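1. show me how the following folds:
(one chain, ligands or ions: 1)
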Amino acid sequence: MKTSEFFKQKTVLSLEVFPPKRTAPVDTIYKTLDELKGMTPDFISVTYGAGGSENSRATLEIASSIKHRYGIESVAHIPCLHLTKEDAAEILLQLKAHQIENILALRGDRIPDREPAGDFKYAADLVGFIRDHGDFNIIGACYPEGHQESGGLVRDIHNLKHKVDAGVSQLITQLFFDNGYFYRFRERLDLAGIRVPVEAGIMPVVNKKQIERMVSLCGVRLPKKFTSMMERYGDNPVAMRDAGIAYAVDQIVDLAAHGVDGIHLYTMNNPYIANKIHEAVFRLMAS
Ligand code: FAD
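-> Next up is the predicted model:
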């Protein structure tokens, strides 16, 4: 089923998982998925390391298991910067063979010391390519605080409009910790004529290192409420975990009350945290 259909029925709840590290067998993900099984997400998306076509195998295998073994709709992420058109066509054939209908089409991040393949410059190029090679539901990424390389939110939204017009039917945001950015972003999308459903990406932060990495990677801003929490509980892992879960739940309740189209939970492959959040909010999603 195309995941864009879910938005017609309810507030969508989706999860994101990533393939195990190269040093671990791909099977270790199934323990995580087994423990997420009590949850009722509308779909689960599977990330893809930006390196190139060789990374697609684990993503494909996991996305296929989510759909066929767990009976949950799945989404395969595909970053295109390091793919040739032949690589992309081959991945699409594989997805079709596994009946995976949903793709998060991404540019991917640049890899130091490695030249892009040159066939796709932006995610919008991949969106057009996918649209011309099959009947897939295409999802795009977006950035409530602006993408770091965009030169500003206005320009970023202009580029986003181009990406959506190329064939995107739903959007998922990068994580954010201040819902105000999301609400202002939504208004700007509306002004720009971007009318597809937008899921809010929520990441429960459960340790100090994780947030330091996220801030340097994505450039998200941290509100006072969040930094006070880190200062108070950052050195106490259990208290920090509980506070991080409570913060994410608080964000989701506020977003649901403001009529968000959906919540995309970055699970970090941590079923304990995902289950706690699900328990607290799933009735809000159903209403
Ligand atoms: P694009 O939409 O191509 O945008 C990239 C930049 O180019 C933006 O600054 C945009 O404003 C600008 N731009 C776009 N079009 C034009 C144009 N025509 N002219 C000039 N500038 C332009 N990365 C992975 O490697 N693997 C993953 O699995 C993965 N999953 C993700 C999931 C989500 C929900 C999100 C939000 C991000 C994910 N990423 C992943 C990270 C993503 O690949 C990076 O953020 C990347 O830097 C941008 O990807 P994009 O698809 O948003 O790019």
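2. so residue 230 belongs to a strand, correct?
-> No - counting by DSSP: H, G, I helix; E, B strand; the rest coil, residue 230 falls outside a strand, being helix.
3. and it, what does it touch?
-> 205, 208, 211, 222, 240 (C-beta atoms under 8 Å, 6 or more residues apart in numbering). Bear in mind the C-beta positions are built from the backbone N, C-alpha and C, glycine included.
4. which among these end up buried?
-> Among these, those scoring as buried are 205, 211, 222, 240 (criterion: 16 or more other C-beta atoms under 10 Å).
5. and the nearest residue to the second one once chain neighbours are set aside, which of the three is it?
-> Taking C-beta to C-beta, 6 or more residues apart in numbering, and ignoring the residues beside it in sequence, residue 211 has residue 205 as its nearest neighbour in space, at 4.9 Å. Classification of residue 205 using three-state DSSP returns coil.
6. may I ask which two of the buried ones among the contacts of residue 230 are separated the most?
-> Maximum pairwise distance among the buried ones among the contacts of residue 230 (C-beta to C-beta): 14.5 Å, between 222 and 240.
7. follow-up on the earlier one: what's the closest of the contacts of residue 230 to residue 280?
-> residue 205 (16.1 Å).
8. look up how far the ligand lies from the closest one.
-> 16 Å (C-beta to the nearest ligand atom, to the nearest Å).
9. can you check residue 219 too?
-> 10 Å.
10. and for residue 69?
-> From residue 69 to the ligand the distance is 21 Å (C-beta to the nearest ligand atom).
11. just give me the longest helix of this protein.
-> helix 237-257 (DSSP state H).
12. now that one: mean pLDDT?
-> Average pLDDT, helix 237-257: 97.
13. which other helices and strands contact the helix or strand following that helix?
-> Remark: after helix 237-257, the chain's next helix or strand is strand 262-266, criterion DSSP states H and E. Packed against strand 262-266 by the contact rule (3 or more C-beta pairs under 8 Å, 6 or more residues apart in numbering; DSSP states H and E) you find strand 12-17, strand 198-202, helix 237-257, helix 271-286.
14. quick one: strand 262-266 near the ligand?
-> No - judged by C-beta under 6 Å from any ligand atom, strand 262-266 and the ligand are separated, with a smallest distance of 6.5 Å.
15. what's the answer for stretch 147-158, then?
-> Yes - Stretch 147-158 reaches the ligand (C-beta under 6 Å from any ligand atom) through 147, 149, 150, 156.
16. okay, and which of those residues map to helices?
-> Checked against DSSP H, these include these in helices: residue 156.
17. so which of the helices and strands packed on strand 262-266 is nearest the ligand?
-> strand 198-202 (5.4 Å; C-beta to the nearest ligand atom).
18. and the contacts of the closest one?
-> With contacts defined as C-beta under 8 Å, 6+ apart, strand 198-202 is touched by 12, 14, 142, 170-176, 179, 182, 186, 189, 248, 251-252, 255, 260-266.
19. alpha carbons of that strand, as PDB, please.
-> C-alpha atoms of strand 198-202 as PDB (Å, rounded to 0.1, in the frame of the first residue of the first chain):
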ATOM      1  CA  VAL A 198       4.000  16.700   6.400                       C
ATOM      2  CA  GLU A 199       5.100  14.300   9.200                       C
ATOM      3  CA  ALA A 200       7.000  15.800  12.100                       C
ATOM      4  CA  GLY A 201      10.300  14.000  12.800                       C
ATOM      5  CA  ILE A 202      10.800  13.500  16.500                       C
END
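20. okay, now the sheet partners of it, with direction.
-> Partner strands for strand 198-202, per DSSP bridges, with pairing direction: strand 170-173 (parallel), strand 262-266 (parallel).
21. including distance to residue 18 and mean neighbour count, could those go into a markdown table?
-> Output for the strands paired with strand 198-202, formatted as a markdown table (distance: least, C-beta to C-beta, whole Å; neighbours: other C-beta atoms under 10 Å):
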| stretch | distance to residue 18 | mean neighbour count |
| --- | --- | --- |
| strand 170-173 | 15 | 24 |
| strand 262-266 | 9 | 25 |
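22. export those to JSON lines and tack on distance to residue 107?
-> Below are the strands paired with strand 198-202 laid out as JSON lines (distance: least, C-beta to C-beta, whole Å):
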{"stretch": "strand 170-173", "distance to residue 107": "14"}
{"stretch": "strand 262-266", "distance to residue 107": "18"}
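23. so where do the strands sit in this structure?
-> Remark: strands assigned in the chain by DSSP state E are 12-17, 43-46, 73-79, 102-106, 137-142, 170-173, 198-202, 262-266.
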